[in-house]
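A.B. asks: need a structure here:
(one chain, ligands or ions: 1)
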Amino acid sequence: MRPISTLGPDEAKAIRFVLMDIDDTITTGGKLLAESYGALWRLHDAGLVVVPITGRPAGWCDLIVREWPVDGVVGENGAFAYYLDDGHRRESFHPAATIRNDAAVFSEMRQAVLEGVPESRVSKDQFSRLFDLAIDFAEEAPVLPLSDAGRIKTICEGFGARAKISSIHVNTWFGDFDKLSMAERFLAERFSYRSVEDIRSVMFFGDSPNDEPMFSHFPMSCGVANVRRYEAIMTSLPGFVANGEGALGFAEGVDYLLSVRKA
Ligand SMILES: [Mg+2]
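C.D. replies: Numbering: from 1, shown residues only. Down below sits the predicted model:
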């Protein structure tokens, strides 16, 4: 991981799309700080395409795409993208997102997790999800160790589901999609993004293992400093890293990117 302060002018000027995880990347202690929300506006005002890429639910994404300075949002770890088109909220579902979370297998899997990992619980935002089940291990108390998150993941994978660990939840779903595959589909559909030729036009900010598909694909990816907490359980680290944690690390990276572009 290179310090973000080593980002060169040619690298910075090639960026057209800025994508970011939400929890513990643009938030600190669960809050979207003025510094990071301001940074989203500065990216927007600089004419860059801004797209959060999150494990958060469809219900949150409806709000985000309507009220934040963004060009779209990918939610539920890549099940869909929401965007505004002439004032109308539209959606693009990943073709592999075919099994909704009201399917019977989800209740069996939920029961197995809650029985298998004491003190794990269904996340409070579950009611606004369409495709996944989110198990809370660290958003609310008691905060469980990462080893428990790993056990939750293993139980879900035993049902044939995919599972990813974020800084707060283990998200689990059926279907071959993730943050990366939906982000690339959305950019291609809406902005004529080309997967190979344009790869260095994307800068992605993230913090945890559910961001690994993005870190491994995009050379211009940047971790906020708290990504170091997960180094031992991650195989793909971002190309760059900020000094600051969470919201302040994101604002630091954005301001560096924008200042180098202007130089
Ligand atoms: Mg995160």
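
A.B. asks: what's around residue 48, how many residues?
C.D. replies: The burial metric for residue 48, expressed as a neighbour count using other Cβ atoms under 10 Å, is 20. C-beta coordinates here come from the backbone N, C-alpha and C atoms, glycine included.

A.B. asks: Next: the one 4 residues further on.
C.D. replies: As a burial measure, the neighbour count of residue 52 was computed by other Cβ under 10 Å and equals 25.

A.B. asks: change the start of the numbering to 17 and stick with it
C.D. replies: From this message on, residue numbering opens at 17, which makes the last subject residue 68.

A.B. asks: how close does it get to the ion?
C.D. replies: Relative to the ion, residue 68 is positioned 11 Å away (criterion: Cβ to the ion, to the nearest Å).

A.B. asks: so where does that residue fall, helix or strand?
C.D. replies: strand 65-68 (DSSP states H and E).

A.B. asks: immediately after that strand, which helix or strand?
C.D. replies: Next along the chain after strand 65-68, taking DSSP H and E as the criterion, comes helix 74-83.

A.B. asks: which residues touch the closest residue to residue 238 other than its chain neighbours?
C.D. replies: When the adjacent residues along the chain are set aside, residue 238 lies closest to residue 256, with 4.1 Å between them (Cβ to Cβ, 6 or more residues apart in numbering). Neighbouring residues of residue 256 by Cβ atoms under 8 Å, 6 or more residues apart in numbering: 17-20, 22-23, 236-239, 269.

A.B. asks: Which of these fall in helices?
C.D. replies: Among the contacts of residue 256, the residues falling in helices (DSSP state H) are residue 269.

A.B. asks: Which of the contacts of residue 256 ranks first by neighbour count?
C.D. replies: Within those, residue 238 tops the neighbour count with 31 neighbours, counted by other Cβ under 10 Å.

A.B. asks: Is that one in contact with residue 253, as I believe?
C.D. replies: No - if you go by Cβ atoms under 8 Å, residue 238 and residue 253 don't touch, sitting 10.7 Å apart.

A.B. asks: rewinding a little: how far away is the residue nearest to residue 238 from the ion?
C.D. replies: Between residue 256 and the ion the distance is 16 Å, computed by Cβ to the ion.

A.B. asks: Equivalent analysis for residue 41, please.
C.D. replies: Relative to the ion, and taking Cβ to the ion, residue 41 is found at 5 Å.

A.B. asks: Show the pLDDT at the nearest residue to that residue once chain neighbours are set aside.
C.D. replies: Counting by Cβ to Cβ, 6+ apart, residue 223 is the residue found nearest to residue 41 once chain neighbours are left out, at 4.5 Å. At residue 223 the predicted local distance difference test score is 96.

A.B. asks: Enumerate every residue touching residue 223.
C.D. replies: For residue 223, the contacting residues are 37, 39-41, 183, 239-240, 242-243, 246, 262, taking Cβ under 8 Å, 6+ apart as the criterion.

A.B. asks: Understood, closing this out.
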